[in-house]
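Q: Provided below are the primary sequence and the corresponding predicted coordinates.
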Amino acid sequence: MNKPILQTKQLCKTFSSDGQQQHVLTNLDIDIYEGDFTIIMGSSGSGKTTLLYALSGMDTPTLGKIIFRGTQLQDLNSDALAAFRKKHCGFVFQSIYLLENMSILDNVLTAGYLVNNNKSEIIKRAKELFLQVGLREEIWRKFPSQLSGGEKQRAALIRSLINRPDILFADEPTGALNSSSGKNVLDILTDINHRGQSIIMVTHDIKAAVRADRIIYLMDGKVCGEILLEKYTEADVEHRTKKVRDFLRENNW
């Protein structure tokens, strides 16, 4: 197992509503390892997305620590947190937040220019990524409304990778896709993970979960189980699926 890239120490998140406190995350101690494909699962309301947002610096925990390579995120002000996210994090969501008035190429390039002002370098990387995910040159200048859901999600994935993030955060990235497009996106995520990309993903989908190196299962804001798997291969999918299903049943999924 590689060294931790991200750690939580006694992480807590509490919301107040109508004078009542809701403890969404409670005393979480989690190590996320460099190069791993880590998947977070749990029933609705278990704290999955709240944890993902806290780990990425998009949300602030109530108590505890989040440590990225020795830097404690809670010590950073809002500007420093924004800089952290731009430099170190990539994001892909179930809702595909592409700018509708820009081509998909310009969506990607604009994200790249936020971090790197070497335009030729960003353009070269964008073209490499488009080809890597199977988006042909003739559609790069198309607008999001002209693409299928799977094509738009692949474009959003390129945008999330353009600045070579240390960690890719994914929140149900296949949730709005049909089975074929969903498999295509999962194949891409698996491929980039095998190339060394660290990924943290929230999902309800067992077909997505079997791609993980590690599954963390949350219940009521606490880790109630986890399972370690080998790197994914198509040849092993049947065995992995059974192993994941058994793990989820043990945790009353």
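A: That came through fine.

Q: so residue 63 touches residue 8, yeah?
A: No - contact between residue 63 and residue 8 fails when scored by C-beta atoms under 8 Å: they sit 10.9 Å apart. Quick note: C-beta positions are derived from backbone N, CA and C, even for glycine.

Q: Counting neighbours, go ahead and name the busier of the two.
A: For residue 63 versus residue 8, neighbours defined as other C-beta atoms under 10 Å are more numerous around residue 8 (23 against 14).

Q: What lies in contact with the helix or strand harbouring the more buried one?
A: Element membership for residue 8 (DSSP states H and E) is strand 4-17. Applying C-beta atoms under 8 Å, 6 or more residues apart in numbering, the contact partners of strand 4-17 are 21-34, 47, 50-51, 54-55, 59, 61-69, 166-167, 198, 200, 221.

Q: what are the pairing partners of it, and which direction each?
A: strand 20-33 (antiparallel), strand 63-68 (antiparallel) (DSSP bridges).

Q: Skip the chain neighbours and tell me the closest residue to residue 95.
A: The shortest distance from residue 95 to any non-neighbouring residue, by C-beta to C-beta, 6 or more residues apart in numbering, is to residue 176 (7.3 Å).

Q: try residue 200
A: residue 38 (4.9 Å).

Q: isn't the one you found right up against residue 213?
A: Yes - assessed by C-beta under 8 Å, residue 38 is found in contact with residue 213 at 6.8 Å.

Q: The residue nearest to residue 200 - how many residues pack around it?
A: Neighbours of residue 38 under the rule other C-beta under 10 Å: 22.

Q: What is whatever helix or strand it lives in packed up against?
A: When elements are assigned from DSSP H and E, residue 38 belongs to strand 37-42. For strand 37-42, the contact count by 3 or more C-beta pairs under 8 Å, 6 or more residues apart in numbering; DSSP states H and E identifies helix 48-55, helix 179-194, strand 198-202, helix 206-209, strand 214-219 as packing neighbours.

Q: how far out from the middle of the chain is the fourth one?
A: Put plainly, it is helix 206-209. Put simply, helix 206-209 sits 14 Å off its chain's centre (C-alpha atoms, centre = their mean, to the nearest Å).
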